[in-house]
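Trainee: Could you look at this predicted model? Sequence included:
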Amino acid sequence: MTLSTALFIFAAQLLAYLVKGLIGFGNPLISAPILSMGLDNVVITPGTLLLDCPVNAWITWKNRHSFQWRKILPLLAANFCGVIPGTLLLRFSMPWVIKTVLGLVVVLLGLEMATRSLRPVKPDRKDRPWLRLAVSAFSGVCAGLFGINMFIVAYLQRTARDYSEFKGSMCFLFFGENAVRVVTYLVTDLFTGPVLLFALASVPAAVLAMGLAAWLGPRLEEEKLQKGAIVLFLLGGVSIIVKSVIFHT
(Lines give C-alpha, C1' and ligand atoms only; values in the text may rest on other atoms or scores of the structure.)
Protein backbone atom coordinates (compact mmCIF):
# COMPACT_ATOMS: atom_id res chain seq x y z
CA MET A 1 0.00 0.00 0.00
CA THR A 2 1.40 3.38 -1.02
CA LEU A 3 1.41 6.45 1.22
CA SER A 4 -1.07 8.23 -1.06
CA THR A 5 -3.49 5.28 -0.83
CA ALA A 6 -3.19 5.19 2.96
CA LEU A 7 -3.90 8.93 3.16
CA PHE A 8 -6.88 8.51 0.82
CA ILE A 9 -8.31 5.77 3.06
CA PHE A 10 -7.64 7.84 6.18
CA ALA A 11 -9.43 10.92 4.80
CA ALA A 12 -12.49 8.97 3.61
CA GLN A 13 -12.84 7.05 6.87
CA LEU A 14 -12.34 10.18 8.95
CA LEU A 15 -15.31 11.81 7.24
CA ALA A 16 -17.39 8.63 7.39
CA TYR A 17 -16.88 7.90 11.08
CA LEU A 18 -17.34 11.55 11.96
CA VAL A 19 -20.83 11.27 10.45
CA LYS A 20 -21.44 8.00 12.34
CA GLY A 21 -20.30 9.57 15.60
CA LEU A 22 -22.58 12.56 15.10
CA ILE A 23 -25.81 10.93 13.87
CA GLY A 24 -25.30 7.29 14.94
CA PHE A 25 -25.24 5.59 11.53
CA GLY A 26 -24.39 6.07 7.86
CA ASN A 27 -20.61 5.63 7.72
CA PRO A 28 -20.71 3.05 4.86
CA LEU A 29 -22.89 5.41 2.82
CA ILE A 30 -20.15 8.01 3.10
CA SER A 31 -17.01 5.90 2.82
CA ALA A 32 -18.03 3.26 0.25
CA PRO A 33 -18.74 5.66 -2.67
CA ILE A 34 -15.58 7.70 -1.94
CA LEU A 35 -13.29 4.70 -1.48
CA SER A 36 -14.78 2.98 -4.54
CA MET A 37 -13.21 5.72 -6.65
CA GLY A 38 -9.84 4.07 -6.07
CA LEU A 39 -10.42 0.65 -4.47
CA ASP A 40 -12.56 -2.42 -5.10
CA ASN A 41 -15.44 -3.33 -2.78
CA VAL A 42 -13.84 -6.71 -2.12
CA VAL A 43 -11.30 -4.71 -0.07
CA ILE A 44 -13.53 -1.91 1.24
CA THR A 45 -16.41 -3.98 2.61
CA PRO A 46 -14.43 -6.54 4.68
CA GLY A 47 -11.95 -3.88 5.81
CA THR A 48 -14.66 -1.58 7.11
CA LEU A 49 -16.33 -4.52 8.86
CA LEU A 50 -13.24 -5.02 11.03
CA LEU A 51 -13.81 -1.52 12.40
CA ASP A 52 -17.61 -1.60 12.57
CA CYS A 53 -17.85 -4.81 14.57
CA PRO A 54 -16.22 -3.54 17.80
CA VAL A 55 -17.83 -0.09 17.45
CA ASN A 56 -21.33 -1.55 17.11
CA ALA A 57 -20.68 -4.05 19.90
CA TRP A 58 -19.89 -1.16 22.24
CA ILE A 59 -22.98 0.82 21.17
CA THR A 60 -25.12 -2.31 21.54
CA TRP A 61 -23.96 -2.85 25.12
CA LYS A 62 -24.75 0.76 26.01
CA ASN A 63 -28.31 0.40 24.65
CA ARG A 64 -28.99 -3.18 25.75
CA HIS A 65 -32.02 -2.22 27.85
CA SER A 66 -33.86 -0.76 24.84
CA PHE A 67 -34.14 -3.98 22.80
CA GLN A 68 -37.53 -5.27 21.75
CA TRP A 69 -36.44 -8.92 21.60
CA ARG A 70 -39.58 -10.50 20.14
CA LYS A 71 -39.68 -7.92 17.36
CA ILE A 72 -35.97 -7.87 16.54
CA LEU A 73 -34.95 -11.54 16.59
CA PRO A 74 -37.04 -12.54 13.50
CA LEU A 75 -35.64 -9.51 11.66
CA LEU A 76 -32.12 -10.53 12.61
CA ALA A 77 -32.70 -14.08 11.32
CA ALA A 78 -34.01 -12.75 7.98
CA ASN A 79 -31.04 -10.38 7.83
CA PHE A 80 -28.67 -13.34 8.26
CA CYS A 81 -30.31 -15.12 5.32
CA GLY A 82 -29.50 -12.17 3.08
CA VAL A 83 -25.87 -11.83 4.18
CA ILE A 84 -24.77 -15.13 2.59
CA PRO A 85 -25.93 -14.46 -1.01
CA GLY A 86 -24.66 -10.89 -0.67
CA THR A 87 -21.23 -12.20 0.31
CA LEU A 88 -21.16 -14.59 -2.65
CA LEU A 89 -22.00 -11.72 -5.00
CA LEU A 90 -19.16 -9.69 -3.48
CA ARG A 91 -16.75 -12.59 -3.97
CA PHE A 92 -17.53 -13.36 -7.60
CA SER A 93 -19.08 -10.27 -9.28
CA MET A 94 -17.31 -7.80 -11.58
CA PRO A 95 -16.11 -4.72 -9.62
CA TRP A 96 -17.66 -2.11 -11.93
CA VAL A 97 -21.05 -3.83 -11.80
CA ILE A 98 -20.92 -3.88 -7.99
CA LYS A 99 -20.00 -0.20 -7.91
CA THR A 100 -22.87 0.77 -10.22
CA VAL A 101 -25.37 -1.07 -8.05
CA LEU A 102 -23.78 0.49 -4.96
CA GLY A 103 -24.32 3.97 -6.40
CA LEU A 104 -27.97 3.20 -7.09
CA VAL A 105 -28.44 1.84 -3.56
CA VAL A 106 -26.88 4.95 -2.01
CA VAL A 107 -28.99 7.33 -4.12
CA LEU A 108 -32.21 5.45 -3.32
CA LEU A 109 -31.42 5.50 0.39
CA GLY A 110 -30.57 9.18 0.28
CA LEU A 111 -33.84 9.99 -1.46
CA GLU A 112 -35.80 7.84 0.99
CA MET A 113 -34.16 9.53 3.98
CA ALA A 114 -34.72 12.98 2.46
CA THR A 115 -38.48 12.42 2.15
CA ARG A 116 -39.33 11.33 5.66
CA SER A 117 -38.35 11.82 9.28
CA LEU A 118 -38.61 9.68 12.38
CA ARG A 119 -42.10 9.76 13.83
CA PRO A 120 -44.21 7.68 16.24
CA VAL A 121 -46.22 4.79 14.88
CA LYS A 122 -49.84 5.72 14.22
CA PRO A 123 -52.27 3.74 16.38
CA ASP A 124 -54.20 2.52 13.34
CA ARG A 125 -51.14 1.53 11.27
CA LYS A 126 -51.46 -2.06 10.05
CA ASP A 127 -48.46 -4.24 10.83
CA ARG A 128 -47.12 -6.40 7.98
CA PRO A 129 -44.71 -9.05 9.33
CA TRP A 130 -43.92 -10.37 5.85
CA LEU A 131 -42.81 -6.90 4.76
CA ARG A 132 -40.50 -6.56 7.77
CA LEU A 133 -38.86 -9.90 6.96
CA ALA A 134 -38.51 -9.14 3.24
CA VAL A 135 -36.94 -5.74 3.90
CA SER A 136 -34.59 -7.27 6.47
CA ALA A 137 -33.47 -10.03 4.07
CA PHE A 138 -32.80 -7.55 1.25
CA SER A 139 -30.95 -5.33 3.71
CA GLY A 140 -28.78 -8.35 4.56
CA VAL A 141 -27.90 -8.81 0.88
CA CYS A 142 -26.77 -5.17 0.74
CA ALA A 143 -24.79 -5.68 3.94
CA GLY A 144 -22.95 -8.71 2.57
CA LEU A 145 -22.25 -6.97 -0.73
CA PHE A 146 -21.60 -3.36 0.29
CA GLY A 147 -21.43 -3.32 4.09
CA ILE A 148 -24.60 -1.19 3.98
CA ASN A 149 -27.40 -2.52 6.18
CA MET A 150 -29.58 0.57 5.93
CA PHE A 151 -32.84 -0.58 4.33
CA ILE A 152 -33.90 -2.22 7.59
CA VAL A 153 -32.88 0.96 9.42
CA ALA A 154 -35.17 2.97 7.17
CA TYR A 155 -37.99 0.56 8.05
CA LEU A 156 -37.27 0.77 11.79
CA GLN A 157 -37.33 4.56 11.59
CA ARG A 158 -40.85 4.34 10.22
CA THR A 159 -42.14 1.86 12.81
CA ALA A 160 -40.32 2.59 16.09
CA ARG A 161 -42.43 4.09 18.89
CA ASP A 162 -39.64 6.46 19.90
CA TYR A 163 -35.96 7.18 19.29
CA SER A 164 -34.83 5.04 22.21
CA GLU A 165 -36.46 1.93 20.76
CA PHE A 166 -35.14 2.74 17.30
CA LYS A 167 -31.56 3.20 18.48
CA GLY A 168 -31.51 0.07 20.61
CA SER A 169 -33.02 -2.08 17.86
CA MET A 170 -30.73 -0.65 15.19
CA CYS A 171 -27.54 -1.22 17.18
CA PHE A 172 -28.49 -4.80 18.04
CA LEU A 173 -29.23 -5.58 14.38
CA PHE A 174 -25.94 -4.04 13.29
CA PHE A 175 -23.94 -6.02 15.84
CA GLY A 176 -25.64 -9.32 14.99
CA GLU A 177 -25.18 -8.79 11.25
CA ASN A 178 -21.53 -7.80 11.80
CA ALA A 179 -20.84 -11.01 13.72
CA VAL A 180 -22.37 -13.18 10.99
CA ARG A 181 -20.43 -11.35 8.28
CA VAL A 182 -17.15 -11.85 10.12
CA VAL A 183 -17.70 -15.62 10.09
CA THR A 184 -18.95 -15.61 6.49
CA TYR A 185 -16.01 -13.56 5.26
CA LEU A 186 -13.58 -15.82 7.09
CA VAL A 187 -15.08 -18.91 5.43
CA THR A 188 -14.93 -17.30 1.98
CA ASP A 189 -11.36 -16.00 2.47
CA LEU A 190 -12.24 -12.34 2.10
CA PHE A 191 -9.92 -11.17 4.90
CA THR A 192 -6.88 -10.87 2.66
CA GLY A 193 -3.62 -8.95 3.14
CA PRO A 194 -4.90 -5.81 1.39
CA VAL A 195 -8.02 -5.91 3.57
CA LEU A 196 -5.95 -5.99 6.77
CA LEU A 197 -3.78 -3.10 5.53
CA PHE A 198 -6.96 -1.17 4.71
CA ALA A 199 -8.24 -1.74 8.24
CA LEU A 200 -4.92 -0.64 9.78
CA ALA A 201 -5.01 2.60 7.77
CA SER A 202 -8.61 3.17 8.90
CA VAL A 203 -8.19 2.67 12.65
CA PRO A 204 -6.56 6.05 13.47
CA ALA A 205 -9.17 7.81 11.31
CA ALA A 206 -12.03 6.13 13.18
CA VAL A 207 -10.53 6.92 16.60
CA LEU A 208 -9.93 10.56 15.69
CA ALA A 209 -13.41 10.88 14.17
CA MET A 210 -15.13 9.53 17.27
CA GLY A 211 -13.20 11.99 19.42
CA LEU A 212 -14.17 14.89 17.15
CA ALA A 213 -17.80 13.76 17.12
CA ALA A 214 -17.90 13.66 20.92
CA TRP A 215 -16.66 17.24 20.99
CA LEU A 216 -18.81 18.58 18.14
CA GLY A 217 -22.03 16.70 18.93
CA PRO A 218 -23.32 18.93 21.75
CA ARG A 219 -22.58 22.02 19.65
CA LEU A 220 -24.55 21.01 16.53
CA GLU A 221 -28.25 20.50 15.80
CA GLU A 222 -29.16 16.88 14.98
CA GLU A 223 -31.61 17.85 12.22
CA LYS A 224 -28.98 19.86 10.35
CA LEU A 225 -26.46 17.05 10.72
CA GLN A 226 -28.83 14.53 9.18
CA LYS A 227 -29.63 16.85 6.27
CA GLY A 228 -25.94 17.37 5.61
CA ALA A 229 -25.32 13.62 5.68
CA ILE A 230 -28.12 13.01 3.16
CA VAL A 231 -26.53 15.49 0.75
CA LEU A 232 -23.23 13.62 1.06
CA PHE A 233 -25.00 10.28 0.44
CA LEU A 234 -26.60 11.56 -2.76
CA LEU A 235 -23.43 13.18 -4.12
CA GLY A 236 -21.39 10.07 -3.37
CA GLY A 237 -23.92 7.76 -5.03
CA VAL A 238 -24.16 9.85 -8.20
CA SER A 239 -20.38 10.18 -8.51
CA ILE A 240 -19.73 6.44 -8.27
CA ILE A 241 -22.50 5.64 -10.81
CA VAL A 242 -20.99 8.05 -13.33
CA LYS A 243 -17.45 6.71 -12.85
CA SER A 244 -18.35 3.02 -12.96
CA VAL A 245 -20.72 3.22 -15.94
CA ILE A 246 -18.48 5.43 -18.10
CA PHE A 247 -15.07 4.00 -17.25
CA HIS A 248 -16.00 0.48 -16.03
CA THR A 249 -13.64 0.88 -13.08
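Mentor: Structure's in. What do you need?
Trainee: Let me know the secondary structure of the residue nearest the centre of the chain.
Mentor: For the chain, residue 148 is the residue whose C-alpha lies nearest the centre (C-alpha atoms, centre = their mean; 3.4 Å). Under DSSP: H, G, I helix; E, B strand; the rest coil, the three-state class of residue 148 is coil.
Trainee: Hmm, it is touching residue 26, no?
Mentor: No. The criterion here is C-beta atoms under 8 Å, and residue 148 misses it with residue 26 at 9.3 Å. (C-beta placed from N, C-alpha, C; glycine too.)
Trainee: returning to what we had before: which stretch of helix or strand covers the residue nearest to the residue nearest to the centre of the chain when sequence neighbours are not counted?
Mentor: Of all residues not flanking residue 148 in the chain, residue 28 sits nearest, at 4.6 Å (C-beta to C-beta, 6 or more residues apart in numbering). Assigned by DSSP states H and E, residue 28 belongs to helix 27-35.
Trainee: If you count neighbours, what's buried in the helix or strand where residue 50 lies?
Mentor: Secondary structure from DSSP H and E places residue 50 in helix 41-62. Buried residues in helix 41-62, counted by 16 or more other C-beta atoms under 10 Å: 41-53, 55-56, 59-60.
Trainee: Report the inter-axis angle for that helix versus helix 27-35.
Mentor: If you take axes from the mean of the first three to the mean of the last three C-alpha atoms, to 10 degrees, helix 41-62 sits at 160 degrees to helix 27-35.
Trainee: Just the buried positions in the helix or strand following helix 41-62, please.
Mentor: The C-terminal neighbour of helix 41-62 among helices and strands, as given by DSSP H and E, is helix 69-92. By 16+ other C-beta under 10 Å, the buried positions in helix 69-92 come out as 71-72, 75-76, 78-80, 82-84, 86-87, 89-90.
Trainee: now the residues you listed in a markdown table, with pLDDT and distance to residue 140?
Mentor: As requested, the buried residues of helix 69-92 are exported to a markdown table (pLDDT from 0 to 100; distance: C-beta to C-beta, whole Å):
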| residue | pLDDT | distance to residue 140 |
| --- | --- | --- |
| 71 | 75 | 17 |
| 72 | 78 | 14 |
| 75 | 83 | 10 |
| 76 | 84 | 9 |
| 78 | 89 | 7 |
| 79 | 86 | 4 |
| 80 | 84 | 6 |
| 82 | 87 | 2 |
| 83 | 84 | 5 |
| 84 | 83 | 8 |
| 86 | 83 | 6 |
| 87 | 80 | 10 |
| 89 | 78 | 12 |
| 90 | 74 | 12 |
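Trainee: Of those, just say which sits nearest to residue 37.
Mentor: Minimum distance to residue 37 across these is 18.0 Å, recorded for residue 90 (C-beta to C-beta).
Trainee: how many other residues sit next to residue 190?
Mentor: Residue 190 has 20 neighbouring residues, counting by other C-beta atoms under 10 Å.
Trainee: Make 29 the starting number, not 1.
Mentor: With 29 as the first residue, the last one maps to residue 218.
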